[in-house]
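Participant: I'll drop the sequence and a predicted model, then ask my questions.
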There are 2 protein chains.
Amino acid sequence: MLETSARLLKLLSLLQVRRDWTGAELADRLEVTTRTVRNDMERLRALGYPVRATPGVAGGYRLDAGAHVPPLLLDDEEAVAVAVSLRTAAGGSVTGIEEMAARALVKLHQVLPSRLRRRVDALQAAVVPAPPWAGPGADAGVLTTIATACRDHERLRFDYRAHGGGESVRSTEPYRLVHTGRRWYLVAWDLDRDDWRTFRVDRVRPRTPAGPRFTPRPLPEGGDVARYVARNAGAATWRYRARVVVHAPAERVARRLPMPVEIRPLGPDRCVFEPGSDDPLALAGYLTLLGEDFTVEDSPELTAALRTLAARLLRATGEPPAPR
Amino acid sequence: MLETSARLLKLLSLLQVRRDWTGAELADRLEVTTRTVRNDMERLRALGYPVRATPGVAGGYRLDAGAHVPPLLLDDEEAVAVAVSLRTAAGGSVTGIEEMAARALVKLHQVLPSRLRRRVDALQAAVVPAPPWAGPGADAGVLTTIATACRDHERLRFDYRAHGGGESVRSTEPYRLVHTGRRWYLVAWDLDRDDWRTFRVDRVRPRTPAGPRFTPRPLPEGGDVARYVARNAGAATWRYRARVVVHAPAERVARRLPMPVEIRPLGPDRCVFEPGSDDPLALAGYLTLLGEDFTVEDSPELTAALRTLAARLLRATGEPPAPR
DNA sequence: GCCAATGCGGAACGGTTCTTTCCGCGATCG
DNA sequence: CGATCGCGGAAAGAACCGTTCCGCATTGGC
């Protein structure tokens, strides 16, 4: 039964793409009767994959987490993401899992279509670098929760810390996650306000029980969510900007400063770039990693931060603080 | 045909674990005749997976890279590595692939056994952060090439840049990759020297044509490769060591100082750790990222580096250097 | 050049299994 | 209560499977 095997694989794939499927939907996709779908589910269970089925009007099939990892059926983009992430981890940018990452990478690399391999190489070269002075990244757990809710059209309740600091509970129908520059935003329909809203993911704290499913409504801006976010969230603007002149050749600086910032040469031995930051002290810290002399212009906050840091370093040596 | 489907899946899994298999080996593992294996290969091909078979005495079956990504069959460790890597990438520590990583993560997360999910969480908390003051990570491409050769017992020829700087071509039978602290080492049998050798991966430049397969020989040190590397490579010894007392609670420091270094509390508001470094200046730079006051003990090099840095920071503000 | 190891594929056969069709039951939600 | 789901038994014909047997083609080492 080649048919059967292929169908089982496709079934696994479908169950990974979306969480809940009704038997009828699956039967339709697979071009078999629902009875066959039921048989297939039984087969999957016999193979060890825990398929949960819930009866009732909101019921359906769902692939649960089981005792072992089922075959992962990735599309191109996902495979590329996995490859790039693993390469970064194996190379030492994520400590502690190098060996495991290397092993997984070998496995994936062997079967990665060459066109994807090229994409991986390109991305790896262009894109790897770790985060600069921007704050810590988004919480991956929160991100996953939200992404899952979006994918499965499940209502989401969460605590939201507003810009001012006040907390509020939001009930939403989550639609899209949008990543701009350095932040994640959630585009969702706010059930209390009865309107579209964007939420900064780093301020979201999901509440545990997954909500019931909802039927999607048309997106704002005709579906151009990115624009909607750009318009409404003010997007990725830094609180502080600075101009840093480095007394070293541009290429050397570029090599040691792996960040998505444009570095402009100012002659053979000088160059300039304009980093942004929410935290001047953190930025000052990263600038010390440059290993070159530099000068800061037009940023009193950063200048102050540098003085603070210098004082701290001198204190660390056990010397008295430098006179102001 | 539950049997058949299960066998095909297992076949795919086997073909991912190792590259080359003879029909007899597979038949043995799957407990069927070789004829059935042949039939299964035909089935796999019909399903779109490019199985290459080479006749002859060194022949066998191999799963090639095809047009699309085959189902990935990961073991526990590999799944954890993938999850952790993806979380790091999605969180923003690897820029440019956040969306794709998030999507892949959702898929994996849904089916990840809970015991693995716990491991992922633990690793994520303890381990994610970017590299410390060590140099740039190993090249993932080189790493993959070597790891593949090890796995498949294929001879490996490469240019090796010795410590002094001279280059030489090596012909080896590669056995193991060992990761210590901050470097990757290859343990291999050097065919020219006719003895075991360890090579630093960052000095290896593989030559393209994959060598013929070889039959493994018993490893040195009775198989304790890690010890062999530690003994022979001088391993992860730092050129300088320092003692740093931080004027902040241990937990806070541990959170902001993501390195494989033991932090010992010295009371509620003080703790100490002993980092090593090859480059005091770089280490000094990373210490500034701590964001806490600290004191350095027993390390004239680091003290000097801190003074140098402080002076540089003050110069950067446009002020005259602090008096000594 | 020869030989051993390896993959290839046709044919035939007995046994198994799959898919479908039909149908009544049970659970869940509004 | 009713609509919407999933569940699973039975039956029947068709399709598939795994095995056994065989001779052939290709490859690399001795």
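Facilitator: Yes, it's here. Residues are numbered from 1 along each chain as shown, chains lettered A, B, ... in the order given.
Participant: next SSE downstream of the helix or strand hosting residue A:116?
Facilitator: Using DSSP states H and E, residue A:116 sits within helix A:114-127. Heading C-terminal from helix A:114-127, the first helix or strand you meet, by DSSP H and E, is helix A:140-152.
Participant: and the angle for the next helix or strand after that next one with helix A:140-152?
Facilitator: Next along the chain after helix A:140-152, taking DSSP H and E as the criterion, comes strand A:156-161. When axes from the mean of the first three to the mean of the last three CA atoms, to 10 degrees is applied, the directions of strand A:156-161 and helix A:140-152 differ by 140 degrees.
Participant: thinking again about what came up before, now the helix holding residue A:116 against helix B:140-152, angle please.
Facilitator: Note on geometry: by the same axes, to 10 degrees, helix A:114-127 and helix B:140-152 are set 140 degrees apart in direction.
Participant: quick one: helix A:114-127 to chain centroid distance?
Facilitator: 18 Å (CA atoms, centre = their mean, to the nearest Å).
Participant: how about that helix, which residues are buried there?
Facilitator: A:116, A:119, A:120, A:123, A:124 (16 or more other CB atoms under 10 Å in any protein chain shown). Bear in mind the C-beta positions are built from the backbone N, C-alpha and C, glycine included.
Participant: and chain B, which of those residues contact it?
Facilitator: Here is what survives when the buried residues of helix A:114-127 are matched to chain B using CB under 8 Å from any CB of the partner chain: A:116, A:123, A:124.
Participant: make CSV out of these and add pLDDT.
Facilitator: Output for those, formatted as CSV (pLDDT from 0 to 100):
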residue, pLDDT
A:116, 94
A:123, 81
A:124, 79
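Participant: can you tell me which of the residues you listed lies nearest to DNA strand D?
Facilitator: residue A:116 (28.5 Å; CB to the nearest atom of the strand).
Participant: what parts of chain A come near DNA strand C?
Facilitator: Contact residues (CB under 7 Å from any atom of the strand) of chain A with DNA strand C: A:1, A:3-4, A:7, A:31-33, A:35-36, A:39-40, A:43, A:54-59, A:212.
Participant: now, which of those residues lie within strands?
Facilitator: residue A:54 (DSSP state E).
Participant: what's the PyMOL syntax to select whichever of the residues of chain A next to DNA strand C are buried?
Facilitator: Those of these that count as buried under 16+ other CB under 10 Å are selected in PyMOL with:
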select buried, chain A and resi 4+7+32+36+40+43
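Participant: near DNA strand D, from the residues of chain A next to DNA strand C?
Facilitator: Answer for the residues of chain A next to DNA strand C near DNA strand D (CB under 7 Å from any atom of the strand): A:1, A:3, A:4, A:35, A:54, A:55, A:56, A:57, A:59.
Participant: extract the C-alpha trace of stretch A:82-97 and format it as PDB.
Facilitator: The C-alpha trace of stretch A:82-97 is given here as PDB (Å, rounded to 0.1, in the frame of the first residue of the first chain):
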ATOM      1  CA  VAL A  82      16.300  25.300  11.500                       C
ATOM      2  CA  ALA A  83      19.500  24.900   9.600                       C
ATOM      3  CA  VAL A  84      20.600  28.500  10.200                       C
ATOM      4  CA  SER A  85      19.700  28.300  13.900                       C
ATOM      5  CA  LEU A  86      21.600  25.100  14.300                       C
ATOM      6  CA  ARG A  87      24.700  26.400  12.500                       C
ATOM      7  CA  THR A  88      24.700  29.300  14.800                       C
ATOM      8  CA  ALA A  89      24.300  27.200  17.800                       C
ATOM      9  CA  ALA A  90      26.900  24.600  16.800                       C
ATOM     10  CA  GLY A  91      29.400  27.300  16.000                       C
ATOM     11  CA  GLY A  92      29.400  28.300  19.600                       C
ATOM     12  CA  SER A  93      27.000  31.200  19.700                       C
ATOM     13  CA  VAL A  94      24.600  29.300  21.900                       C
ATOM     14  CA  THR A  95      26.700  27.600  24.500                       C
ATOM     15  CA  GLY A  96      25.900  24.200  25.900                       C
ATOM     16  CA  ILE A  97      24.300  22.500  23.000                       C
END
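Participant: any idea of the mean pLDDT in that stretch?
Facilitator: On average, the pLDDT along stretch A:82-97 is 80.
Participant: quick check, nearest of the ones next to chain B among the buried residues of helix A:114-127 to residue B:266?
Facilitator: Closest approach between these and residue B:266, by CB to CB: residue A:124, at 42.3 Å.
Participant: I'd say that closest one and residue A:81 touch.
Facilitator: No: between residue A:124 and residue A:81 there is no contact under CB atoms under 8 Å: 11.6 Å.
Participant: give me phi/psi at residue A:169?
Facilitator: phi -100, psi 130 (degrees, to the nearest 10).
Participant: looks to me like residue A:196 is in a strand.
Facilitator: Yes: with DSSP: H, G, I helix; E, B strand; the rest coil as the criterion, residue A:196 is part of a strand.
Participant: tell me the bridge partners for it.
Facilitator: Following DSSP bridges, residue A:196 is listed with bridge partners residue A:189.
Participant: looking at it, it is touching residue A:190, isn't it?
Facilitator: Yes: applying CB under 8 Å, one finds residue A:196 in contact with residue A:190, separated by 7.3 Å.
Participant: compare those two (neighbour count), which wins?
Facilitator: residue A:196 (19 against 16; other CB atoms under 10 Å in any protein chain shown).
Participant: show me what contacts that one?
Facilitator: A:187, A:188, A:189, A:190, A:220, A:228 (CB atoms under 8 Å, 6 or more residues apart in numbering or on different chains).
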